[in-house]
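Novice: Mind folding the following:
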Amino acid sequence: MQERWLCLCVAWLMLSLSPAAVAQEQSAALPIDAPASAVISSGSSGTGRSDASALRPGDVLVLTVPGEAAFETPFEVDRYGYVQLPEVGRIKVEDLSLDQAKAKLQQALAGIFRDLERFDVQLKQRQLPITVLGYVRKPGPVTLPAEGNVQMAIAAAGGLVPGAQLDKLQVRRGDETLSVDYKKYMDSGEAGLLPALQPRDLVFVPASPLIGNVQIEFDAATLAAGGDAGESGRAVKVFGEVNNPGSFTYKDGSSLVDLLMRAGGVTRFAGVERIRVINQGAPQLFDLKAYLDSGDSSRLPSIQGGATIFVPKQEDAVSRSASTVYIMGEVFHPGAYEGREGTTFFDILANAGGPTRFAESRQIRILRQDGSVENFDLQGYTEGLARTKQPAIRPGDAIFVPEKTDMNEKSWLKVAPNRAVMVIGQVTQPGRFEWSDEMSLLDLLAHAGGPTSQADIADVRIVPPGGKAQSFDLDRFVNQGGDVTSLPVIHAGYTIMVPELPQDPSDNKSQWIRQSKDNSIYVFGQVGAPGRYAFNDHLGFLDILSAADGPTAAADIHNIRITHRSEAITRVTKLDLSDYFETGDETLLPQVLPGDTIYIPEKGRPWLDEKKENTVRVMGAVAKPGRYRFNEDMTILDLLAEAGGPSATAYLERIVVVNVAKAQAGEDQARTFDFEEFMLEPDFAALPLLRPGDTLYVPERSSSNWAIFMDGVRDSVSLLSIFAIIGGL
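Specialist: Numbers count the residues shown, from 1 in each chain. Reported below is the predicted structural model:
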């Protein structure tokens, strides 16, 4: 009897929880007249908002769940797009419409609450949650009204701190950064200068570069004293004899006088006739006095952003006029002299007191204003030995009287560059040597003590002045012999560089820059010592691979790549080194030259490194699904074995093979294979053809038609059993 009552209770409970019963109960509880909502609700449109508009962070939602006190207060969408529901947790509603949000929230609440027929979602308020950082008084997150802007965000963060850079505000939105000229907005009041804010935006207020690297309290006078520039690249720097030197913001149309006035004007010690201006890298002089006397605006130099203005002291100004001639060196009174029309060389020399006893009177030089240099032999002229005439002196010229050479204290400075050759690098005594054209390269190296033990004599560099450097293989010349006439021709002014032999790339990485890329080959990947190695045309592929300590245990020697960068068109060669070791065929080894690159990949490298055209994808009910390398000698049986074989739930009667090659030719894209029938009656001719790039799919047995039919039968039997129990009552 007790068992019968227990069965009746179970049947009644199952009927009461059925979807039809719940729907009928909720329908009966639904009121006939539902009041209209005063805010935007799902399925309706509100002011300024359409059904297609999406929810975003900061929105305030009203959730209607009758009889639940926990839903009487509004819910706010947080900064991450989630809303926190009682007993359910966080549900993401960002970018959903009200109808979509209602459906998603109702689905989440259905597992906890029963009466959800009158459930509704309404948008009560729209807000802007953003973050304000930088030079504000209260940096951090703030919440603004929906129509909030940058000015309201700064006010919500407590306002700006003295020293804030107003013209370089930033609004960061994800990876995008918008620049805001807040100063221009404050000057004009043009609302279009402020970008519209969006939820989760970050407003950053930078500090002016003028405040320095030490945090101290500034007042307005202190900040204004150093100028108002915020961007060093566009700032105009004014210093020297001005009242308030500093960096000032460049404004279009600003003249030099405007910038001097912004710097407080010049002091009484200013040399206004020699103001120096560097504009876009070009220096020029400006005579402010002449401009003020004439009022000619064409005298004003053009000023661009980044210019530099220097006002020197009056006493520091160098005396110069249109007729000045300079004399310097070994004379008694060097300096600047005024030369009138008809002034000769001897007039200037006599006014300077004449040469001293240390003067080299045979090597006097006249430096012309146009940059040319003229030599004058004063001793030969006075003794009548030289046939040269007295040089003409023009305004702006300079006369230089050099010092005699002290033979007792010989200095390399005494040898003119046009009579010397420089030898540097790996020689015993590098230095600067006097040169004669009857000498050769071997004479010069012998005079320098010869190469050291670390010298790379296979790449001796000869650098002519103003020309292209050339390389000379002294090692081949010494070992194989050669004619002296084949030695490179050396002239005075040349530089001879004997480089150092390269060191181990795995040791002392700072030495790699000494090795020329034109004599190097690059080895990457799974080798003992990857790096950049010296290489010449006498070496081969195995030489460079051995120098790199050979492949490691993890190296994939079947897929070595050689990039031939030394050719006119770069090409890539693939090498299977295992074939070479099996056959010993030297023709399999590629020819490598300096500048080429050798890459040895790793065996178990990430699947992204494997091209899809070289692999076959195995999916479904196998032990190890994934991508596998495949060649033309393998079959579907090899591939299934490599993948660990089918699982216990595999549906072997309908294994699917997707042949990409056939799909591209316009034929069937897929075919099925009965693996179980093959195991009973093996016929290798019936095996489906697989090529690299194909896909093999082994379905689950639950996907078969019989499994689907049996699931339906079990559901029907369960339902009939329930009715049988009820009927027995």
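
Novice: Is Gly92 in contact with Gln84, as I believe?
Specialist: One thing to correct before we go on: residue 92 is Lys, not Gly. No. Using C-beta atoms under 8 Å, Lys92 is not in contact with Gln84; the gap is 11.1 Å. C-beta coordinates here come from the backbone N, C-alpha and C atoms, glycine included.

Novice: Between those two, point out the one with more neighbours.
Specialist: More crowded of Lys92 and Gln84, by other C-beta atoms under 10 Å: Lys92, with 15 against 12.

Novice: Please, where are all the strands along the stretch 101-250 of the chain?
Specialist: In order along the chain, the stretch 101-250 of the chain carries the following strands (DSSP state E, counting those that start in this stretch): 120-125, 127-134, 140-145, 169-173, 176-180, 202-205, 236-240, 246-248.

Novice: Select, out of the ones you listed, the one closest to Asp296.
Specialist: Ranking the strands of the stretch 101-250 of the chain by their distance to Asp296 (criterion: C-beta to C-beta) puts strand 236-240 first, at 22.5 Å.

Novice: Could you give me the buried positions within that closest one?
Specialist: For strand 236-240, burial by neighbour count (16 or more other C-beta atoms under 10 Å) applies to Val236, Lys237, Val238, Gly240.

Novice: what's the farthest-apart pair in the residues you listed?
Specialist: Of all pairs drawn from the buried residues of strand 236-240, the greatest distance, 13.3 Å, lies between Val236 and Gly240 (C-beta to C-beta).

Novice: can you list residues touching both of those two?
Specialist: Counting by C-beta atoms under 8 Å, 6 or more residues apart in numbering, the shared contacts of Val236 and Gly240 are Ile309.

Novice: tell me which element Arg90 falls in.
Specialist: Using DSSP states H and E, Arg90 falls within strand 89-92.

Novice: tell me how far that strand is from the chain's mean position?
Specialist: Computed by C-alpha atoms, centre = their mean, to the nearest Å, the chain-centroid distance of strand 89-92 equals 38 Å.

Novice: Same question for stretch 371-386.
Specialist: Counting by C-alpha atoms, centre = their mean, stretch 371-386 is centred 61 Å from the centre of its parent chain.

Novice: buried sites along that stretch?
Specialist: Phe376, Asp377, Leu378, Tyr381.

Novice: What about those, which are in strands?
Specialist: Of those, the ones assigned to strands by DSSP state E are Phe376.

Novice: among the buried residues of stretch 371-386, which two are most distant?
Specialist: Phe376 and Tyr381 (7.2 Å).

Novice: what sits in contact with each of the two?
Specialist: Residues touching both Phe376 and Tyr381 by C-beta under 8 Å, 6+ apart: Thr388.

Novice: Surely Phe358 is in contact with Gly329?
Specialist: No. Phe358 is beyond contact range of Gly329, at 9.6 Å (criterion: C-beta under 8 Å).

Novice: what sits against the residue nearest to Gly159 when sequence neighbours are not counted?
Specialist: Among residues not flanking Gly159 along the chain, Arg137 sits closest, at 5.5 Å (C-beta to C-beta, 6 or more residues apart in numbering). Going by C-beta under 8 Å, 6+ apart, Arg137 touches Ala157, Gly158, Gly159, Leu160, Val161.

Novice: From Gly148, how far out is Arg137?
Specialist: Look at Arg137 and Gly148: by C-beta to C-beta, to the nearest Å, they are 18 Å apart.

Novice: What is the neighbour count of the closest residue to Pro66 other than its chain neighbours?
Specialist: Using C-beta to C-beta, 6+ apart and skipping residues adjacent in sequence, the residue nearest Pro66 is Arg118, 5.3 Å away. The tally of other residues near Arg118 (other C-beta under 10 Å) stands at 14.

Novice: Likewise for Ile348?
Specialist: Neighbour count for Ile348, taken as other C-beta under 10 Å: 18.

Novice: same check, this time on Tyr599
Specialist: When neighbours are counted by other C-beta under 10 Å, Tyr599 registers 17.

Novice: Now it: which helix or strand?
Specialist: For Tyr599, the host element (DSSP H and E) is strand 597-600.

Novice: Which parts of the stretch 401-550 of the chain are strands?
Specialist: 420-425, 431-434, 460-463, 470-472, 495-498, 520-525, 531-534.
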